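Colleague: Sequence and computational prediction follow.
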Amino acid sequence: MLLERLFEFRNRGDVEKPFLSHIEDLRFTIIKVASALVGAMVVCFAFRDKLAALIQHPLIAVDPQRAANLQSLGVADSFTISLELSFYGGLVLAFPFLVYFIAEFILPALTPKEKRMLIPAAMIGAGLFLIGAAFSYLIVLPQTLEFFFN
């Protein structure tokens, strides 16, 4: 099976592990997830200007005058906005790795039938997420901005 070959280093047969061993595996999984997220955030922080332009694109398409008048009123607002953009961009960028690390932790507990259904369910879920995000960004957001501005 494809999943067993992909995660074969985690499969140790039906050997039961003590509770503390599971907690240690969970700790390593959390560390890997956090490391992947922080690494992706650093990459996104380096490209924060391009991310900001991508986020502002629907506003520019609807009303370029309002986009030119965007301003931050607090002392640390521009840095906070950069960190938020980096976090959300990093979450999207690191998502495949996060799913891999979580699946690596959970897979040994699944039955063979559940293992067979895991990849199709993950693909369908990822596809629906991407379709929903594209629909919101390309169709819903411009119409919502147009409605509120006019």
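Modeller: Yep, it's here. Numbering: from 1, shown residues only.

Colleague: So what touches stretch 141-150?
Modeller: Among residues not part of stretch 141-150, those counted as contacts by Cβ atoms under 8 Å, 6 or more residues apart in numbering are 58-59, 61-63, 66. Quick note: C-beta positions are derived from backbone N, CA and C, even for glycine.

Colleague: Which members of those residues are classed as buried?
Modeller: Neighbour-count burial within these applies to 58-59, 62; the criterion is 16 or more other Cβ atoms under 10 Å.

Colleague: what's the helix or strand containing residue 23 packed up against?
Modeller: Applying DSSP states H and E as the criterion places residue 23 in helix 19-46. Where contact means 3 or more Cβ pairs under 8 Å, 6 or more residues apart in numbering; DSSP states H and E, helix 19-46 is packed against helix 77-106.

Colleague: Could I get the average pLDDT for the helix or strand hosting residue 57?
Modeller: Assigned by DSSP H and E, residue 57 belongs to helix 48-62. With pLDDT averaged residue by residue, helix 48-62 scores 89.

Colleague: what's the distance between that helix and the middle of its chain?
Modeller: In terms of Cα atoms, centre = their mean, to the nearest Å, the gap separating the centre of helix 48-62 from the centre of its chain is 19 Å.
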